[in-house]
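S.K.: Quick one, fold the following:
(one chain, ligands or ions: 1)
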Amino acid sequence: MTPITHTGLFELLDITGDDAEECAALLATPPAEAVLRAMATMEERLGTFPLDSIQEDNADETVWIEALLRFSPTVHAYHLQLGISPEVSAASLADVGLQLRINRRVHGRFGLDTWGWLTLHMAGNLFRLGRLQFHLVRRPAETAQAGTPAADRRWVLGVHIPEDGGLSPASVDASFAEARLFFPGYFPDKPAAVATCDSWMLDPYLAERLPNSNIASFARRFTLDRCSDAPTDAVYFTFRQRGLQDLDKLPRETSLQRVVLERIDDGGTWHLGHGHLEL
Ligand SMILES: CC(C)(COP(=O)(O)OP(=O)(O)OC[C@H]1O[C@@H](n2cnc3c(N)ncnc32)[C@H](O)[C@@H]1OP(=O)(O)O)[C@@H](O)C(=O)NCCC(=O)NCCS
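M.R.: Residues are numbered from 1 along each chain as shown. As a prediction, the model looks like this:
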């Protein structure tokens, strides 16, 4: 395989502007031991369909950014080897560039506080198909029947919603339609009949307050199984702010911004909704 140049790599990962310069600087010197270790951890997981991301206490984000950059061509090659199109591979890996841009909005600097999330993409079982991302995994132990061994747990598609403009029902329909063909085509031995979603967007409070929104229409596709506390998620995804400090300084321009803040003003707590749908 021809090695991917910096420009090719940044195109593949949709890394732009100042982030491209910072990333080029990271690649200018040979990888440190810690980067090689991070890459080895990703290599071990590639093709093993892990459910969880890599977690590391006190991780050095720069180490992980460099490791993600250096490891991405291996994942791209793995996708192509499975017969997956370069376009789907690139759309899936473009989340690296998007997360770098989001990090700048959250923290005002180059970095990647969501590096762990991107280690899922690097395992080769998370794909962006149209508007949505799908993560092919075995059903988590807590939602399977008690005592079911890992190997017997059924396959499911975890659904994720990347930030990329509106979430029109038509774009969601198209994405699910693509997933229904894609996964049986490339992973016929891992049949998934159910898609799951764990998101602040499935908190029933949202659909009650914004019944005509795209978010509510998306949430209504899923049967809600349970909710769990997630006090900061709605604020993070609406305002790209970590934590609940200085809420009075946040804008209240859109209906979502108002709903998110007013619930907290009223002493309420945002939840994660955990739902599923039949594919
Ligand atoms: C999910 C998402 C794509 C929905 O966008 P959308 O299709 O525009 O949403 P809706 O049409 O349902 O929006 C309803 C209202 O909320 C507003 N809104 C939606 N997302 C918003 C956001 N991230 N920030 C501020 N306002 C937002 C809309 O502008 C609209 O306001 P209006 O009624 O005043 O016109 C968008 O919120 C987003 O990109 N979120 C970040 C990614 C995310 O949350 N992923 C899930 C992680 S678990």
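
S.K.: so where's the chain uncertain?
M.R.: 1-3, 152 (pLDDT under 70).

S.K.: At the contact with the ligand, which residues of the protein appear?
M.R.: Residues of the chain lying close to the ligand (CB under 6 Å from any ligand atom) are 161, 163, 166-167, 199-201, 210, 213-215, 237-238, 254-257. In this view, the C-beta of every residue, glycine as well, is placed from N, C-alpha and C.

S.K.: try it again with 8 Å
M.R.: 160-168, 197-201, 210, 213-218, 233, 237-239, 253-259, 272 (CB under 8 Å from any ligand atom).

S.K.: which other helices and strands contact the helix or strand harbouring residue 158?
M.R.: Under the criterion of DSSP states H and E, residue 158 resides in strand 155-160. Where contact means 3 or more CB pairs under 8 Å, 6 or more residues apart in numbering; DSSP states H and E, strand 155-160 is packed against strand 132-138, strand 192-199.

S.K.: Just the buried ones among the residues of the chain next to the ligand, please.
M.R.: When the residues of the chain next to the ligand are checked for burial by 16 or more other CB atoms under 10 Å, the buried set is 160-162, 167, 197-201, 210, 213, 215-218, 233, 237-239, 256, 259, 272.

S.K.: Keep only those of the residues you listed that are in strands.
M.R.: Here DSSP state E is the test, and those give 160, 197, 198, 199, 272 as lying in strands.

S.K.: Most widely separated two among those residues?
M.R.: Using CB to CB, the two most remote members of those are 160 and 272, lying 12.8 Å apart.

S.K.: Give the buried residues for the longest helix along the chain.
M.R.: Longest helix in the chain, counting residues (DSSP state H): helix 61-81. For helix 61-81, burial by neighbour count (16+ other CB under 10 Å) applies to 62-76, 78-79.

S.K.: repeat for stretch 140-158
M.R.: Applying 16+ other CB under 10 Å to stretch 140-158 flags 143, 144, 153, 155, 156, 157, 158 as buried.

S.K.: Count the residues that sit near residue 234.
M.R.: As a burial measure, residue 234 scores 25 neighbours (other CB atoms under 10 Å).

S.K.: need the contact list for it.
M.R.: Contact partners of residue 234, counting by CB atoms under 8 Å, 6 or more residues apart in numbering, are 200, 203, 260, 263, 270.

S.K.: before we move on, the earlier item: can you tell me which of the ones in strands among the buried ones among the residues of the chain next to the ligand is nearest residue 96?
M.R.: Nearest to residue 96, judged by CB to CB, of those is residue 160 at 14.5 Å.

S.K.: Can you give me the neighbour number for the nearest residue to that closest one once chain neighbours are set aside?
M.R.: Nearest non-adjacent residue to residue 160, counting by CB to CB, 6 or more residues apart in numbering: residue 133, 4.1 Å away. Around residue 133 sit 22 other residues, with neighbours defined as other CB under 10 Å.

S.K.: What residue in the stretch 1-150 of the chain comes nearest to the ligand?
M.R.: residue 131 (8.4 Å; CB to the nearest ligand atom).

S.K.: is it true that that residue touches residue 169?
M.R.: No. Counting by CB atoms under 8 Å, residue 131 does not reach residue 169; the two are 10.2 Å apart.

S.K.: Test my guess that residue 175 contacts residue 130.
M.R.: Yes. At 3.8 Å, residue 175 counts as touching residue 130 under the criterion of CB under 8 Å.

S.K.: Surely residue 275 is within a helix?
M.R.: No. Using DSSP: H, G, I helix; E, B strand; the rest coil, the assignment for residue 275 is strand, not a helix.
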